[in-house]
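S.K.: Build me a structure from this.
(one chain, ligands or ions: 1)
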Amino acid sequence: MNEPARAAAHAQRIGLLGGTFDPVHIGHLRSALEVADILALDELRLVPNARPPHRGEPQVSPTQRLAMVEQAVQDIAPLCVDGRELLRERPSYTIETLEAVRDELATDDQLFLLLGWDAFCGLPGWHRWNELLAHCHIIVLQRPDADSEPPDALRNLLAARAVGSPAGLHGPSGSIAFVWQTPLAVSATQIRQLLASGKSVRYLVPDAVLAYIEAHGLYRAPN
Ligand code: ATP
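M.R.: Coordinates of the predicted model:
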């Protein structure tokens, strides 16, 4: 878009949801769509993470994980894929991804980093974690039945930055809000186990992802 047209457009609202997506499943997708709706996002980008080298990738390559996410979100706006973390030589830190995405946006565009409660609680261990809110708002995905206390290191941050609801998030970055969701009882671990034991995962993943898994013989136990 050229600059005058861009200036006249409304500020974009972009969400980022990271995960290994090994494979992507309906739990991820349903949760992503609900959050996109609650936050009225223009785009919700699923960002497949590189796997830490020690976990290894015996069967499924980064390219295949990326291809499955692409299949899953095809024509499902506002969901889309951002493959930049898989295209790097080394695993990326979230702060680097945020800086790179921010560089591509207009200054008033709003960026939302979506994190599950457990990931949020682990934030103080992240590289340059106290710089994250300079680039984005943080949306903490919380379960209605959760009864969790944040670690001490996050209490001051929450007191200073948390707003009562996502409607209270203004400007391009800087605040924290909670979104309450009941997750579907599906995990990628369960899907890998089903496939390794020769069972069906139909309806746990989109049909296009199932077709990809079958076409490439992914997650099968070695003969
Ligand atoms: P694994 O079983 O391999 O650990 P996973 O199913 O938890 O994988 P990830 O790729 O690790 O999937 O998850 C990416 C993000 O999606 C995380 O923030 C995670 O909390 C969230 N997520 C995972 N499963 C669900 C679900 N069923 N409903 C909602 N969110 C989910």
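
S.K.: Verify the stated contact: Leu111 with Ala134.
M.R.: No: if you go by Cβ atoms under 8 Å, Leu111 and Ala134 don't touch, sitting 10.5 Å apart. Where C-beta positions appear, they are placed from N, C-alpha and C, glycine not excepted.

S.K.: More neighbours: the two, which one.
M.R.: Each of Leu111 and Ala134 has its neighbours counted (other Cβ atoms under 10 Å); Leu111 has more, 18 against 14.

S.K.: Okay, buried residues for the host helix or strand of Ile139 please.
M.R.: Using DSSP states H and E, Ile139 maps to strand 137-142. Buried positions in strand 137-142, judged by neighbour count with 16 or more other Cβ atoms under 10 Å: 137-142.

S.K.: what do Leu111 and Ala134 both touch?
M.R.: Ser173 (Cβ atoms under 8 Å, 6 or more residues apart in numbering).

S.K.: what's the following helix or strand after the helix or strand of the chain with the lowest mean pLDDT?
M.R.: Across the helices and strands of the chain, mean confidence by mean pLDDT, DSSP states H and E is lowest for helix 3-8: a mean of 53. Toward the C-terminus, helix 3-8 is succeeded by strand 13-19 as the next helix or strand (DSSP H and E).

S.K.: does the ligand sit close to that following strand?
M.R.: Yes: using Cβ under 6 Å from any ligand atom, strand 13-19 reaches the ligand at Gly19.
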